[in-house]
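In: sequence-free structure coming up:
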């Protein structure tokens, strides 16, 4: 059974960079069958797609966040990461890492979610 | 404002059927057979209920079904049960520039 374990600071100061990592177990980030994605959910609000990365390192980002987002994948450690620069209070959210079926573009597995609060 | 439009809330009594709509455009819902639906209980991560418009993952009850007509997708839950009370999100592939867009979510209340 695939497991996704997100980790990272729960508190980030405004203007700084939010950095999260998602460790994958029970599956491989080298698989060509999946993308690895990030989705966020502000408190009490809906889901927002952040972007995705393929095993090759190819990325695709939500246009509204593209200027501030970088994703990477480390197949040797079987994990992938998200960096979001210049954060503001509007970036406060639960951040989910996810496995996305290539070609189908649906989230098969979700991580447990990591709450990140942006505050000084 | 979400890219896909869902009703904010729907309700039904146990045993009844309900349908949640999800309206997009010809750039997303109408262009690809790639609509998925997710169920989210409070404090939990979402879980997939329907993918590729109308396919059901193993382990998901056959009371859940998906359909689509033009730019509008629908999720139908038959034989409502108390455990179905949750927020439901639709999602669609929207092309290589955007990848994926979500609906704003629909709060289902089982009366």
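Out: Now that the structure is in, tell me what you want to look at. The structure presented is a predicted model; accordingly, all values stated were derived computationally and were not measured.
In: leaving out sequence neighbours, find the closest residue to the residue nearest the centre of chain A.
Out: By CA atoms, centre = their mean, chain A has its centre lying nearest to residue A:38, at 2.8 Å. Nearest non-adjacent residue to residue A:38, counting by CB to CB, 6 or more residues apart in numbering or on different chains: residue A:50, 4.1 Å away. All C-beta atoms are positioned from the backbone trio N, CA, C, and that covers glycine.
In: I'd say the one you found and residue A:61 touch.
Out: Yes: between residue A:50 and residue A:61 a contact is recorded at 7.1 Å, counting by CB atoms under 8 Å.
In: neighbour-wise, which of the two wins?
Out: Taking other CB atoms under 10 Å in any protein chain shown, residue A:50 and residue A:61 do not tie; residue A:50 has more neighbours (24 against 21).
In: what sits against that one?
Out: A:37, A:38, A:39, A:40, A:61, A:62, A:65, A:69, A:82, A:84, A:95 (CB atoms under 8 Å, 6 or more residues apart in numbering or on different chains).
In: make a markdown table out of the residues you listed and add pLDDT and secondary structure.
Out: Putting these into a markdown table (pLDDT from 0 to 100; DSSP: H, G, I helix; E, B strand; the rest coil) gives the following:
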| residue | pLDDT | secondary structure |
| --- | --- | --- |
| A:37 | 97 | strand |
| A:38 | 98 | strand |
| A:39 | 98 | strand |
| A:40 | 98 | strand |
| A:61 | 94 | strand |
| A:62 | 94 | coil |
| A:65 | 96 | coil |
| A:69 | 98 | strand |
| A:82 | 98 | strand |
| A:84 | 98 | strand |
| A:95 | 98 | strand |
